[in-house]
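Asks: Here is a sequence together with a model predicted from it:
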Number of protein chains: 2
Amino acid sequence: MNVELSDRQQAILGFVVREYIRTAQPVGSKTVVERANLNVSSATIRNEMAFLEDMDLLTHPHTSAGRVPKEAGYRYFVERLMEKSDLPEAEQRLIRHQFHQARLDMEQWMKLAAAVLAHTTGAASVVTLPHTTNCRVKHIELIGLSEGLTLIVLVLQQGLVKQQLVRTASPFPTQEQLNQMANKLNAYFEGLDRVEIINRPAELTMWESRVREVIVEMMERVDGRSASEIYRDGVLHILRQPEFAEAEAIRQVIEILEERSLLERITAEIRTSRGVQVIIGGEGRWQEISDVSLVLSPYGVAGRGAGVMGVVGPMRMPYGRAISAVRFMAGLMSHLLEDVYYGSEGYSEGHTEEIEHEQS
Amino acid sequence: MNVELSDRQQAILGFVVREYIRTAQPVGSKTVVERANLNVSSATIRNEMAFLEDMDLLTHPHTSAGRVPKEAGYRYFVERLMEKSDLPEAEQRLIRHQFHQARLDMEQWMKLAAAVLAHTTGAASVVTLPHTTNCRVKHIELIGLSEGLTLIVLVLQQGLVKQQLVRTASPFPTQEQLNQMANKLNAYFEGLDRVEIINRPAELTMWESRVREVIVEMMERVDGRSASEIYRDGVLHILRQPEFAEAEAIRQVIEILEERSLLERITAEIRTSRGVQVIIGGEGRWQEISDVSLVLSPYGVAGRGAGVMGVVGPMRMPYGRAISAVRFMAGLMSHLLEDVYYGSEGYSEGHTEEIEHEQS
DNA sequence: TCTAGCACTCTTCTTGCTAGAGTGCCAGCA
DNA sequence: TGCTGGCACTCTAGCAAGAAGAGTGCTAGA
């Protein structure tokens, strides 16, 4: 990437990438002469192209085919040649409007975000639930469903609600007794995180400490989950692309979208980064996805809860549009979360700086 | 299906279907003579096959190819020729064990059910959440998250928990006040269903009736949702089948699995039926899925909450195994739900007969 | 440094051919 | 009447060869 290209070489590379993204056909020197206004002959173009090929930016599928960008070519394009625009104002307004129409509901937002990304980029999208690292108890409720079966409802700060059924031992408690237990547990544990609950000395009956145990397990699941829920959309879009005429290529994409482990390894890395990240054809690090590109961004509130969202498509992807869409959506989502879930709560310790969404 | 076939014709049809399911290759008369022990010549087989073709049970892709079953052929096979066995005892034990190891948690069970179905049949699986038609309030909780933002936690009978954030108007209520409101609402509405809540006369402040409104909306969503959550698994299995070498064929399957509307139309029909249903190549009713088969079954407790589960695969599907797996899983799941979610609660009205899982 | 032009390479499409698989049908036999 | 052996026929798959077209690389010359 430290190569210096002449202006003309950059123009040619840019043209080839754009044209190939548009048509999915290898681009020949003749096309370049005709459609890029460079006022040189095709022979010159050919020389330049040969040079770009030496630089590993382009390649050609066979001797008499036009040029096709390689990974490094896409990368050069994305980093140096592409115009970095924002999503058009009109589209931004439309999307904001959709979110304001929606309920105040995380799940709803996730689905909407996935749908919007898929729709505006024409590719498949993934959105992971924000990941909180250190959840705290807000409220505990015990509800007897039937003899022998009790429902624990655990409300966490940030409004996350978790539930868990447990069996009750033989002298079945009445709802009255359950309420008293809940009060006791709330008095002990409200505002504490998982470790603090474990260490907090408390006089508990056997059954109460069993409930405490379950609550700690529930909190462990919340804290530890890498990306418990993954929202997807637009898988069908991607299958319409010509590069996915082969079953094998489709398998790769479906694998990314379905295999949690792969997606988790990737998002784990993205979550801690800042700004929109573009992964082109695996970039050597992820061999499983050699033919697809990802445009991903963390979102959420730093130190409080961060998720990842982005789009998955062929290497031949409209990067400009994808990047601006992902950047905008991640920013919007961060704002919404800041306002609704993390906003103005009495956390005075800890900064609540939003995750950054500017391109560096 | 009212055609009468001779024993020999049945034997040939059965052999062709089984062989084609096994190998994915058209079956020629020679193969039949060699491998089915019928003691007749290939010419006889050919005559019989020509007859079966007239009956629309078989076809051949081109003049000099072997025979391949048609939809009606598969159907005849499934209904009259296939041995109807149960899942082997050992496998049943293993699966039961997995469920007993799991948490008492609907979501967990759904995922497990999808995984088990996908694994035992080698095809893709779908499981929809049980659908309750007439949910009733068990408990209402109001939790202030911050000034201006309140979380409504609604526990329904059967232990379903729903949450919804609402904005609070300017004189912000304290948690104390919220608790009082919740008590009041519980006193009014506990045990009532949606319609009863609307009709119940109650003296409410403006804000309280706003909460009532939201609760009714939440209950509407629970009641009205056709199949809010759909759990899937094993999509990658299905892509390994030779019939899905073509992108177009893959699109069909992905479409079934991703397009809610199609799946909902199908499950709506299945939910009200009884026993395992086999849909072969769309059966004329669902043209979108002309090349795939579904083996589906309702599960749950009749009149209380019913869902649909099953597998999706190519027409060339191991029906015997799929049917027994789906039947077993639906039965198991119904039992679990009966025990845990609907069991021994004080419903004395209304029968709680389990949905039937025997093949008729 | 650029360009014109030519030889060369490789794909794609078409055609023709052959081997192989499997059918349909008919005449003859039990 | 039902079964069988045999033969002609049809269609596919695979290979080879040839023609057209696209695009390249290279070199000589401006």
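Replies: Thanks, I have it.
Asks: What residues sit buried inside whatever helix or strand A:Met218 lives in?
Replies: Per DSSP states H and E: A:Met218 is located in helix A:206-224. Residues A:Trp207, A:Glu208, A:Val211, A:Arg212, A:Val214, A:Ile215, A:Met218, A:Met219, A:Val222 are the ones in helix A:206-224 that count as buried (16 or more other CB atoms under 10 Å in any protein chain shown). No exception for glycine: its C-beta is placed from N, CA and C like everyone else's.
Asks: Among these, which one sits closest to A:Leu57?
Replies: Nearest to A:Leu57, judged by CB to CB, of the buried residues of helix A:206-224 is A:Val222 at 45.6 Å.
Asks: and the closest one, what does it touch?
Replies: A:Thr132, A:Cys135, A:Leu156, A:Leu160, A:Lys162 (CB atoms under 8 Å, 6 or more residues apart in numbering or on different chains).
Asks: Among these, name the buried ones.
Replies: A:Thr132, A:Cys135, A:Leu156, A:Leu160, A:Lys162.
Asks: The stretch 51-200 of chain A against DNA strand C: which residues are in contact?
Replies: For the stretch 51-200 of chain A, the contact set with DNA strand C under CB under 7 Å from any atom of the strand comprises A:His62, A:Thr63, A:Ser64, A:Ala65.
Asks: hmm, what's the outermost residue in chain A?
Replies: Computed with CA atoms, centre = their mean, the residue of chain A farthest from its C-alpha average is A:Pro171, at 48.1 Å.
Asks: Verify the assumption that it is located in a strand.
Replies: No: counting by DSSP: H, G, I helix; E, B strand; the rest coil, A:Pro171 is located in no strand; its state is coil.
Asks: Okay, and which of the buried ones among the contacts of A:Val222 map to strands?
Replies: A:Leu156, A:Lys162 (DSSP state E).
Asks: returning to that earlier point: send the alpha carbons of the helix holding A:Met218 over as PDB?
Replies: Only the C-alpha atoms of helix A:206-224 are listed here, as PDB (Å, rounded to 0.1, in the frame of the first residue of the first chain):
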ATOM      1  CA  MET A 206     -31.300 -22.400  51.200                       C
ATOM      2  CA  TRP A 207     -33.800 -21.600  48.600                       C
ATOM      3  CA  GLU A 208     -32.900 -18.000  48.500                       C
ATOM      4  CA  SER A 209     -29.300 -18.800  47.900                       C
ATOM      5  CA  ARG A 210     -30.400 -21.100  45.100                       C
ATOM      6  CA  VAL A 211     -32.200 -18.200  43.500                       C
ATOM      7  CA  ARG A 212     -29.000 -16.100  44.000                       C
ATOM      8  CA  GLU A 213     -27.100 -18.700  42.200                       C
ATOM      9  CA  VAL A 214     -29.500 -18.700  39.300                       C
ATOM     10  CA  ILE A 215     -29.300 -15.000  39.100                       C
ATOM     11  CA  VAL A 216     -25.600 -15.000  39.000                       C
ATOM     12  CA  GLU A 217     -25.700 -17.600  36.200                       C
ATOM     13  CA  MET A 218     -28.200 -15.400  34.300                       C
ATOM     14  CA  MET A 219     -25.800 -12.400  34.600                       C
ATOM     15  CA  GLU A 220     -22.900 -14.500  33.500                       C
ATOM     16  CA  ARG A 221     -24.800 -15.400  30.400                       C
ATOM     17  CA  VAL A 222     -25.500 -11.700  29.700                       C
ATOM     18  CA  ASP A 223     -21.900 -10.700  30.300                       C
ATOM     19  CA  GLY A 224     -20.300 -13.600  28.700                       C
END
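Asks: Distance from it to the middle of the chain?
Replies: Centroid displacement of helix A:206-224 relative to its chain, using CA atoms, centre = their mean, to the nearest Å, is 29 Å.
Asks: Which element is encountered next along the chain beyond it?
Replies: strand A:230-233.
Asks: who does that next one touch, helix- and strand-wise?
Replies: Counting contacts by 3 or more CB pairs under 8 Å, 6 or more residues apart in numbering or on different chains; DSSP states H and E, strand A:230-233 is packed against helix A:106-121, strand A:124-128.
Asks: For chain B, find the nearest of the ones you listed.
Replies: The closest of the helices and strands packed on strand A:230-233 to chain B is helix A:106-121. By CB to the nearest CB, the value is 8.6 Å.
Asks: Who is the residue nearest to the spatial centre of chain A paired with across the strands?
Replies: Nearest residue to the geometric centre of chain A (CA atoms, centre = their mean): A:Met309, 2.0 Å. Note on A:Met309: beta-bridge partners by DSSP bridges are A:Val127, A:Ser297.
Asks: And the one 4 residues further on, by the same measure?
Replies: For A:Gly313, the residues forming beta bridges with it (DSSP bridges) are A:Ser293.
Asks: same thing with A:Glu246?
Replies: Here A:Glu246, judged by DSSP bridges, has bridge partners B:Glu246.
Asks: And it, what's its pLDDT?
Replies: Predicted confidence (pLDDT) for A:Glu246: 75.
Asks: Buried residues, stretch A:133-145. List them.
Replies: For stretch A:133-145, by 16+ other CB under 10 Å, it's A:Cys135, A:Arg136, A:Val137, A:Lys138, A:His139, A:Ile140, A:Glu141, A:Leu142, A:Ile143, A:Gly144, A:Leu145.
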